[in-house]
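Chemist: Sequence unavailable; structure follows:
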Ligand code: GLU
């Protein structure tokens, strides 16, 4: 009797997607950035995904910073599967996306200054800080008049005020959607548009980044939806804080790989410091049992052997004195 089910009736496994890290080249990466980059790599590699980089250089750029950032990521043992994508070379793709939205009547010119937006207050039903839609309602004559004063930014005519995404740690997260800027009034694509277009272009289906961007995820996912692009899964991870409880910044002293190296803390010690913060289990194996920290991973590859997303601390990583803390986990 013929078999009722053929051997290949089970669905083919989905092709693995990609994770990414997308730093802005505005200076050297600090420990908080490096930890997020390592986590993005660990999430991608532990789920069989490709790992990709993107240089988000549409905003403030420091000369030579992109190259230094890549060198630092390499020093930690990260690897990536393609040449990094550079946003300043992607203008045509952003223009196409705007044209797609415009063809659907979802784009309008906005002439508001920052000050006018502040003074106008929020939309009646929108979230605090949401653009009140002033320029959506301009008559043609008003538009022409304002166009003589200053160049226009382009905004999305959003047809809802909230959108829900799924985050690995935050769960179902609903956040505000408003008439986001798509193109700034200097003609450059705005961050939210560029991120969405580039994640789709790079085949990114897993977005791991700092949790300061969780509130941006709904408007980005909504934009992806409008553009007919797949929405990625999100993993927002806690940020690093300084001893005052404020977001870690370069001015907090020895916080970049190069600064730490000068103080005698090598890349392997930085990996250990980050591994201790996640926290990761010690590496299995005989040898230095009993010496605390002695078996913490020293490379990204070793981290991968003991990475467990469930173990990730949901609290911010507070760094009081990185040099002293690195010494403590070193041996
Ligand atoms: N370029 C952004 C940053 O460095 C990250 C954007 C993203 O991961 O979506 O903060």
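Modeler: In hand now; what should we look at? Predicted, not measured: the structure shown is a model, and the values here were computed from it.
Chemist: Get me the contact residues on the stretch 51-200 of the chain for the ligand.
Modeler: 56, 195 (CB under 6 Å from any ligand atom). C-beta here means a position set from N, CA and C on the backbone, and glycine is covered the same way.
Chemist: Local confidence estimate at the closest residue to the ligand within the stretch 51-200 of the chain?
Modeler: Residue of the stretch 51-200 of the chain nearest the ligand, by CB to the nearest ligand atom: residue 56 (3.8 Å). We have a pLDDT of 98 for residue 56.
Chemist: now residue 307
Modeler: Looking at residue 307, the pLDDT reads 94.
Chemist: what's near enough to touch it?
Modeler: Neighbouring residues of residue 307 by CB atoms under 8 Å, 6 or more residues apart in numbering: 42, 46, 278, 280.
Chemist: Which helix or strand contains the residue nearest to the spatial centre of the chain?
Modeler: Compute the mean C-alpha point of the chain, and by CA atoms, centre = their mean the closest residue is residue 209, 4.0 Å away. Secondary structure from DSSP states H and E places residue 209 in strand 204-210.
Chemist: now residue 108
Modeler: Going by DSSP H and E, residue 108 is in strand 107-110.
Chemist: Need the residues that contact the helix or strand of the chain with the lowest mean pLDDT.
Modeler: Scoring the helices and strands of the chain by mean pLDDT, DSSP states H and E places helix 114-120 at the bottom, with a mean of 82. Residues from elsewhere that reach helix 114-120 (CB under 8 Å, 6+ apart): 112, 131-132, 134.
Chemist: Could you identify the helix or strand that succeeds it?
Modeler: helix 140-147.
Chemist: Need the phi and psi values for residue 55.
Modeler: Note on residue 55: backbone dihedrals following degrees, to the nearest 10 are phi -100, psi 110.
Chemist: about what we covered before: can you give me the buried ones in the least confident helix or strand of the chain?
Modeler: residue 117 (16 or more other CB atoms under 10 Å).
Chemist: Any idea how far it is from the middle of the chain?
Modeler: Taking CA atoms, centre = their mean, to the nearest Å, one finds the center of helix 114-120 at 28 Å from the center of the full chain.
Chemist: just stretch 23-43 next, same as before
Modeler: For stretch 23-43, the distance to the chain centre is 9 Å (CA atoms, centre = their mean).
Chemist: average model confidence for it?
Modeler: The model assigns stretch 23-43 a mean pLDDT of 97.
Chemist: Next, count neighbours for residue 299.
Modeler: 16 (other CB atoms under 10 Å).
Chemist: actually residue 142, not the one I wrote
Modeler: 12.
Chemist: do residue 228 as well
Modeler: Counted with other CB under 10 Å, residue 228 comes out at 8.
Chemist: for it, helix, strand, or coil?
Modeler: Recorded secondary structure, residue 228: coil (DSSP: H, G, I helix; E, B strand; the rest coil).
Chemist: one step back: does the residue nearest to the centre of the chain really touch residue 39, like I thought?
Modeler: No: the criterion here is CB atoms under 8 Å, and residue 209 misses it with residue 39 at 9.0 Å.
Chemist: for the residue of the stretch 51-200 of the chain closest to the ligand, what are its contacts?
Modeler: So residue 56 contacts 22-25, 87, 191, 194-195 (CB under 8 Å, 6+ apart).
Chemist: Recalculate using a threshold of 10 Å.
Modeler: When contacts are counted by CB atoms under 10 Å, 6 or more residues apart in numbering, residue 56 touches 22-26, 66, 85-88, 191, 194-195, 198.
Chemist: now swap in residue 297 and tell me
Modeler: 77, 268, 271-272, 274-276, 278, 280-283, 303-307.
Chemist: Recalculate using a threshold of 7 Å.
Modeler: 271-272, 275, 280, 283, 303, 306 (CB atoms under 7 Å, 6 or more residues apart in numbering).
Chemist: count of residues packed around the closest residue in space to residue 231 that isn't next to it in sequence?
Modeler: Of all residues not flanking residue 231 in the chain, residue 221 sits nearest, at 4.5 Å (CB to CB, 6 or more residues apart in numbering). For residue 221, the neighbour count with other CB under 10 Å is 24.
Chemist: Start at 15, not 1
Modeler: Fine by me, first position is 15 from now on; the one you just mentioned is residue 235.
Chemist: State the distance from residue 235 to residue 42.
Modeler: Per CB to CB, to the nearest Å, residue 235 is found 31 Å from residue 42.
Chemist: cool, and residue 61?
Modeler: 29 Å.
Chemist: Same drill for those two, tell me which one is more crowded.
Modeler: Neighbour comparison, residue 61 and residue 42: the larger count goes to residue 42, with 20 against 14 (by other CB under 10 Å).
Chemist: doesn't residue 268 make contact with the more buried one?
Modeler: No: look at residue 42 against residue 268 with CB atoms under 7 Å: they stay out of range, at 11.6 Å.
Chemist: how about the helices in the stretch 65-214 of the chain?
Modeler: 79-89, 105-117, 128-134, 154-161, 205-215 (DSSP state H, counting those that start in this stretch).
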